[in-house]
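Peer 1: one predicted model, sequence on top.
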Amino acid sequence: MQHQSTKRPTVGLFVTCLVDLFRPSVGFAAVKLIEEAGCTVDVPMTQTCCGQPAYNSGDREDTREIAKATIAAFEEFDYVVAPSGSCTGMLKKHYPALFAGDPAWESRAAEFSKKVHELVSFLADEMKVEGVTAKLTATATYHDSCSGLRELGIHDQPRKLLASVEGLKIAEMQEADVCCGFGGTFCVKYSDISNAIVTKKTANIETAGADMLLAGDLGCLMNMAGKLKRDGSSIEVRHVAEVLAGMTDQPPIGGAN
Amino acid sequence: MQIRSPEFKANSVKALSDAQLQKALGNVRAGFIDKRKKAVDALPEFDALRENGKAIKDHTLANLDLYLENYEAQVKAAGGHVHWAETAEDARRIILDLCASRGVKTVTKGKSMISEEIALNDALEAAGVRPVETDLGEYIIQLRGEHPSHIIAPAVHLNKEQIEADFRRVHTHLPADRELVEHEKLLTEARAVLREQYFKADLGITGANFLVAETGSSIIVTNEGNGDLTQILPRIHVVVASIEKVVPTLEDAAQILRLLARSATGQDMSVYTTISTGGRREGDPDGPDEYHVVLLDNGRSSMLGTEFQEMLRCIRCGACMNHCPVYHAVGGHAYGWVYPGPMGAVLTPSLIGVDKGGHLPNASTFCGRCESVCPMKIPLPKMMRHWREREFERGLNPAAARYGLKAWAFFARRPSLYRFFASLGIPVLSAAGGAKHRFSWLPFAGGWTKYRELPAPEGRTFLQQWAQREAKKQEPVR
Amino acid sequence: MSARDAILNKVRASLGAGNGPRAKVVRERLDGAPRGLIPERGQLPDAARIDLFAAQAEKVHATTERLASYADLPAAVTAYLRSKNLSASIRMGDDPRLNGADWSMQAALEIRRGPSDGNDETGLSHAFGAVAETGTLVLHSGAENPTTVNFLPEHHLVIVDAKDVAGDLETVLARVRETFGKGQMPRTLNMITGPSRSGDIEQKMLLGAHGPRALHIMVVGS
């Protein structure tokens, strides 16, 4: 890659359906961060969702069709980056398994998989970003979303970059690595259990003594924000990319109290 | 044991509102998670040992028939007897026949999940044989007429006040005014009561953590010593074990032993690891005269060669349930059959059918913490997903969920339609969210809004805004 | 068809297994019994190994002491009984190394021989070996050291030769194989790591569940 120093690497942004529909500002924050890291960003219009709802409901046929479309849409880029550990895990870890033994798609999925990265780990590990220029006076606590943590090993990268945000203090919560109870369709199919899990999570968030909750996955964030707001908490909930990009003007997820 | 897995949802709602249970479940973290982490962190080779353990089991399963044959030959060579049981019913009959032919009245039992799987206690009682559970936790739940809620901590769902009440109810031969509040007092009382039973028993039943093909040995691992008293004091020792418990050699057992106790209780080694081979030898002053092994299949042979084969690596340490947020929330009984938690979510549909056990692999957030701590590196979430696929293929999941999923997939597979409808609907939804930027209720979102607010979309979709931004860039500069 | 053949046939059918090379691989594995990974802490030199054994045993609430020779055993036993306010009586088997000590010096000490019937406060055993890695004692059944002595008394005193304290479990298992023959085992091999305990009541760890409440280990020689 040495000779590419003259040519900026191209990044296809996989926005994720939740960011596309619910929180576009996370997408723009991602674009800003990736561009600042020295890449050219493009957003293929033919993307929809990574296919997890079908995949985790046992519907392999639809999953494979969605995966094929996603792979085709992003093959041309040097990197594929998504602001979500969960969707990245799907693209990177599960797509290849979907096509095991398929002569037409197995190697395509494997090649595609190599290019896929979650946003924050892409910045820290691939682009060697040491810090950001954002400023924010706040005390934040960071929740490790499950797929990012356990499928992709994302733990230190967001903490390292957040530490470079001027004015931001990090207050770790207890059991930051424990699931928030979102789990995609789980949270509506087993809403009583999901509620019990997120109740423990928000208790840990409240005890951490932070005024802001950050994480790298919008699904988890909407779940935790929804619970915090229902309980009348004043804690602001944001995607980690918003803070790293210094784009915190819009209201937090689920609004302010 | 009656199967209540189809009522998982109702079971879990009940569990969530059970204050005693919720209090007891709070002990899981300090009792298991922290201790495991400390023990694992103290052994730098732990992950390499996990790889070895996995390889040992994979090798054994690929040659299971051959190792079972060798195992059987070695048990016989040591003077023991092997009984093969295809089903739970067969296993019960074999044990009842042994009891009948040898005039057995009382049976002491070490902790065995296979015994639960074949519902042995009910069968013994129906045949007039008195089973006495000797593991403290098992003894407590036997007094209560319950089943284990955890595979290594059967009474983890109880608090000491409940146990005290049970002891007072059952141990009526003891003074009613005795002091029984402290943990130690409860333990001492159970020890004294059970000590008598060991000597009364004609036959002792234990499970097995391993069967060793090389030597024809069974290995049990306990902390209390109850399994040992169960197998050395009665005339007859019966081991009930499933076929996948076999390992090739003592060395292989030694590798996995380094994983088992650390994963289960955070000990480097359990207090008593006992290797038993045959009955009493010439010159032995103690030990059972007879040694029998009941080898149970009960559906396991059909798991071989399928996407569920890896489940047969399980060594029943309980780490998966100790780390499971769903198990923490509802406890073990909600799962409705013998095996709870993530391992139960995979194993139960294999053993009782996905039509009955289908809820279990669905009731997971796929957080992956179970797989990350599994000493045998069993891909539990992956196998739960395989069960969901089997359900989906057979059309077993609810119609509403299927149609909803199909409708969603229709759009996910058609990007231009997806963009079109999203660009229409999302701004409307955003506006409806109002100044609070959230909803407390929305039609069709009851599963979400029952307990949480639903954050409203910000405004126009990202793809809408991006397309516009790009279009602007293309406009000629005036 | 017998249940045995039915199960084995199902296993073979599910595995899609032919016999040929599998049988050879399995035979070699059983014959060779290859060792897996031995943790570094299981491979320490002599003195450090015995220190580790004692430290690991104490970590799991055993007590330990060193004896210079078997001649010190009777006095050590008497001292232990006194320190715990136990009756001057021990149960033990017919182990020549235990018998070889001069017990007559402890005139007040009652020695009961043979297996325990559950009425003994204190038992004394000689261990076959020990494992430093985990602080584990290894004992086997037989007239010399009856298994009941390991479990029924409230206090269990165990003596082990320093030279028999191995670093790792595999070394002791290899000695068992050497002693009893390949594929042969004593009726019972007990690996004991600390005194009996239970955490079944609210996950609170308590000593003395069904087996001994106390385990005292005496390492003899150097």
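Peer 2: Everything's here; your move.

Peer 1: check which helix or strand the residue most central in space within chain C maps to.
Peer 2: Chain C has C:Val138 as the residue nearest its centroid, 2.3 Å off, counting by Cα atoms, centre = their mean. When elements are assigned from DSSP states H and E, C:Val138 belongs to strand C:136-140.

Peer 1: tell me the secondary structure at the residue of the stretch 1-150 of chain A found nearest chain C.
Peer 2: Nearest residue of the stretch 1-150 of chain A to chain C (Cβ to the nearest Cβ) works out as A:Gly101 at 16.8 Å. Where C-beta positions appear, they are placed from N, C-alpha and C, glycine not excepted. Look at A:Gly101: counting by DSSP: H, G, I helix; E, B strand; the rest coil, its state is coil.

Peer 1: next up, phi/psi of it, please.
Peer 2: When read as degrees, to the nearest 10, the backbone of A:Gly101 gives phi 80, psi 0.

Peer 1: and if you look at B:Ile219?
Peer 2: Per-residue torsions, B:Ile219: phi -120, psi 130 (degrees, to the nearest 10).

Peer 1: wait, it sits on B:Ile275?
Peer 2: Yes: the pair B:Ile219 / B:Ile275 is scored as a contact, 5.2 Å apart, by Cβ atoms under 8 Å.

Peer 1: shared neighbours, those two?
Peer 2: Contact criterion Cβ atoms under 8 Å, 6 or more residues apart in numbering or on different chains; residues shared by B:Ile219 and B:Ile275: B:Val212.

Peer 1: for B:Pro455, grab phi and psi.
Peer 2: Dihedral angles of B:Pro455 (phi, psi; degrees, to the nearest 10) stand at phi -60, psi 140.

Peer 1: assign the closest residue to it other than its chain neighbours to helix, strand or coil.
Peer 2: Leaving aside its sequence neighbours, B:Pro455 sits nearest to A:Gly254 (Cβ to Cβ, 6 or more residues apart in numbering or on different chains; 4.0 Å). Here A:Gly254 takes the coil state, with states given by three-state DSSP.

Peer 1: ok, now which ones touch the residue lying closest to B:Arg385 once chain neighbours are set aside?
Peer 2: Take B:Arg385 and drop its neighbours on the chain: the residue closest to it by Cβ to Cβ, 6+ apart is A:Asn56, 6.4 Å away. Contacts for A:Asn56 were tallied using Cβ under 8 Å, 6+ apart; they are A:Gly184, A:Thr185, B:Phe366, B:Arg385, B:Arg388.

Peer 1: what helix or strand is the fourth one on?
Peer 2: Taking DSSP H and E as the criterion, the element that holds B:Arg385 is helix B:380-393.

Peer 1: that helix: how far from the chain's middle?
Peer 2: Relative to its parent chain, helix B:380-393 has a centroid offset of 18 Å by Cα atoms, centre = their mean, to the nearest Å.

Peer 1: can you pick the most crowded of the contacts of A:Asn56?
Peer 2: B:Phe366 (25 neighbours; other Cβ atoms under 10 Å in any protein chain shown).

Peer 1: right, and that one touches B:Met384 too?
Peer 2: Yes: assessed by Cβ under 8 Å, B:Phe366 is found in contact with B:Met384 at 7.4 Å.

Peer 1: can you give me the helices for the stretch 51-200 of chain A?
Peer 2: Ranges of helices within the stretch 51-200 of chain A are A:52-55, A:60-74, A:85-89, A:95-98, A:106-115, A:119-121, A:146, A:152, A:156-163, A:186-189, A:191-207, based on DSSP state H, counting those that start in this stretch.

Peer 1: ok, chain C next?
Peer 2: Per DSSP state H, chain C carries helices over the ranges C:3-15, C:20-32, C:46-59, C:73-83, C:96-99, C:147-151, C:169-180.

Peer 1: and A:Thr40, which of these is closest to it?
Peer 2: helix C:3-15 (52.5 Å; Cβ to Cβ).

Peer 1: which parts of that closest one are buried?
Peer 2: C:Ala3, C:Arg4, C:Ile7, C:Leu8, C:Lys10, C:Val11, C:Arg12, C:Ser14, C:Leu15 (16 or more other Cβ atoms under 10 Å in any protein chain shown).

Peer 1: next, the contact list for the residue nearest to the centre of chain C, please.
Peer 2: Applying Cβ under 8 Å, 6+ apart to C:Val138 gives the contacts C:Ala127, C:Phe128, C:Gly129, C:Ala130, C:Val131, C:Val172, C:Val176, C:Leu189, C:Asn190, C:Met191, C:Ile192.

Peer 1: can you do 7 Å?
Peer 2: Counting by Cβ atoms under 7 Å, 6 or more residues apart in numbering or on different chains, C:Val138 makes contact with C:Ala127, C:Phe128, C:Gly129, C:Ala130, C:Val131, C:Val172, C:Leu189, C:Met191.

Peer 1: circling back: near the residue of the stretch 1-150 of chain A closest to chain C, how many other residues are there?
Peer 2: 6.

Peer 1: neighbours around B:His150, how many?
Peer 2: With other Cβ under 10 Å as criterion, B:His150 counts 23.

Peer 1: so B:Gln22, which state does it fall into?
Peer 2: Three-state call for B:Gln22 (three-state DSSP): helix.

Peer 1: could you report the pLDDT at the closest residue to C:Ile159 other than its chain neighbours?
Peer 2: Counting by Cβ to Cβ, 6+ apart, C:Ile159 lies nearest to C:Met218, which is 4.6 Å off, once chain neighbours are set aside. Looking at C:Met218, its pLDDT is 98.

Peer 1: which strand residues bridge C:Met218?
Peer 2: Under DSSP bridges, the beta-bridge partners of C:Met218 are C:Glu65, C:Ile159.

Peer 1: repeat for B:Gly204
Peer 2: Under the criterion used (DSSP bridges), B:Gly204 bridges to B:Thr108, B:His237.

Peer 1: I figured it hits B:Leu229, correct?
Peer 2: No: B:Gly204 is beyond contact range of B:Leu229, at 8.0 Å (criterion: Cβ atoms under 7 Å).
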